[in-house]
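Engineer: Here is a sequence with its predicted model. Questions after.
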Amino acid sequence: MTSPYPRSNGPAETRALLAEWPVQRPRDWVRQVNRSQTQAQRTAVEVALKRSRPLGSPAWVQAMVNRHDMLSTLRPRGRPPGWRKRA
């Protein structure tokens with residue numbers, strides 16, 4: 001049986017581009033990456049891409065936003081509610 005992982009049976013050119021995993025790969029990795037996303041997951045990915053926002057757990061996102069000065073990616077677009085241009 002051949003392995004489903006290109007790291008072990010793909011073309012040599014492809015294998016040369018791939019780094020070793022920094023941690024042990026989960027046993028059910030292929031099942032995890034081939035599982036369909038929920039609508040909530042798809043929406044989260046779309047918002048992250050549109051806003052250039054980190055994608056992950058709320059605590060991790062907040063840590064990355066703080067570390068990389070990305071607070072604007074979490075705010076709603078446009079002017080704050082109640083803002084009026086003064087004459």
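Structural biologist: Ah, there it is.
Engineer: Can you tell me which residue sits nearest the middle of this protein?
Structural biologist: residue 55 (4.5 Å; CA atoms, centre = their mean).
Engineer: Contact partners for it?
Structural biologist: Shown in contact with residue 55 (CB atoms under 8 Å, 6 or more residues apart in numbering): 44-45, 48, 61. No exception for glycine: its C-beta is placed from N, CA and C like everyone else's.
Engineer: let's go with 10 Å and repeat that
Structural biologist: 41, 44-45, 47-49, 61, 64 (CB atoms under 10 Å, 6 or more residues apart in numbering).
Engineer: Please convert the buried members of these into ChimeraX selection syntax.
Structural biologist: A single ChimeraX command selects the buried members of those (16 or more other CB atoms under 10 Å):
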select :61
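Engineer: If we only consider the contacts of residue 55, which is nearest to residue 79?
Structural biologist: residue 47 (19.7 Å; CB to CB).
Engineer: lowest-pLDDT helix or strand in the protein?
Structural biologist: Across the helices and strands of the chain, mean confidence by mean pLDDT, DSSP states H and E is lowest for helix 6-9: a mean of 66.
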